[in-house]
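# Predicted model, plus sequence, below.
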Amino acid sequence: MKASFFKILLVSSFFTLVSCENKVKKTKPYQAGVVISFDDAYVDEWFDADKALKKYNWKATFCVCRIDSIGTPQIKKLIELQKGGQEIAGHGYHHYNAVKYVAANGINEYMKQEIDPMTASMKRLSFNVTSFAYPYGERSDALDETLAPKYKVIRGRAFCGDVPEKEGCYFRNSKFLYAFDIDDSHIHFSIPYLLELLDYAKKKNKILILCSHRPVRKLTGNYQTRIETLEFICKYMKLNGLKFYKLSDLDNLETVSD
């Protein structure tokens, strides 16, 4: 009778362990790489950049705002980008500064005006949105907590100009991310510093998160990134074995220590 009891106990313990294992969120280790993301609604320029950079088998995340103000030709281009393996993410319905809007109107009104209509429109247009980037990069703990159930990944922006190891623009095993701005007009941007960030990602097996707005051949104003800067990044990655990631790819990755 004792033998039967212990046999039943052993079988019961086995199924309990299997059940627990199935409930654990699975993760996988990652290789060093880069996320290249773009904000706002520069769809024509994004589409042209995609054509120029296809030769590198690049991947990018395009964070779209004002979705219902975009023309039909641009919607078709976004759909084509998504079909080609690129990610379409959310960037607000009106592009409100989330922190300032919530301070003036409350978080419920922010959700009603900025998030809910964006979600409905993106879904109606067949965009599979699982990532969100804050307009102007500003965020708060309250906003993060409210948006966390809706998105796998939430991205702000890092406004540092420090040594790479102190920058916040690397993946740190969290759904809350910060990106380094590579627009040419950004106060902290330079090619030498970008190279430092890339070298640090390679050396320490990190994922570097970058953001941009409007990719152009020739600079004409603010919020623009040279195509040659994007090519510099792609060439570096190919030469050094870094992997292209989209924002949504960072969900379920296991952090790697220094």
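Thanks, I have the structure now.
# Could you report the separation of residue 117 from residue 66?
From residue 117 across to residue 66, the span is 11 Å (C-beta to C-beta, to the nearest Å). Just so you know, the C-beta spots here come from the backbone N, C-alpha and C atoms, and that holds for glycine as well.
# which stretches of this structure form helices?
Shown for the chain, the helices assigned by DSSP state H span residues 2-23, 43-53, 72-83, 98-105, 107-110, 116-124, 141-147, 191-204, 227-240.
# OK, contacts around the closest residue to residue 240 other than its chain neighbours?
Excluding its sequence neighbours, the residue lying closest to residue 240 (C-beta to C-beta, 6 or more residues apart in numbering) is residue 202, at 5.2 Å. Contact analysis of residue 202 by C-beta atoms under 8 Å, 6 or more residues apart in numbering lists 32, 240, 241, 242.
# Closest to residue 73 out of these?
residue 242 (33.6 Å; C-beta to C-beta).
# quick revisit: measure the residue nearest to residue 240 to residue 195 for me?
10 Å.
# One more: residue 71?
As judged by C-beta to C-beta, residue 71 and residue 195 stand 38 Å apart.
# Narrow the contacts of residue 202 to those that are buried.
32, 242 (16 or more other C-beta atoms under 10 Å).
# Residue 146 contacts residue 108, correct?
No. Using C-beta atoms under 8 Å as the test, residue 146 is too far from residue 108 to be in contact (9.0 Å).
# the more surrounded of those two?
Using other C-beta atoms under 10 Å as the criterion, residue 146 and residue 108 rank with residue 146 on top: 17 against 10.
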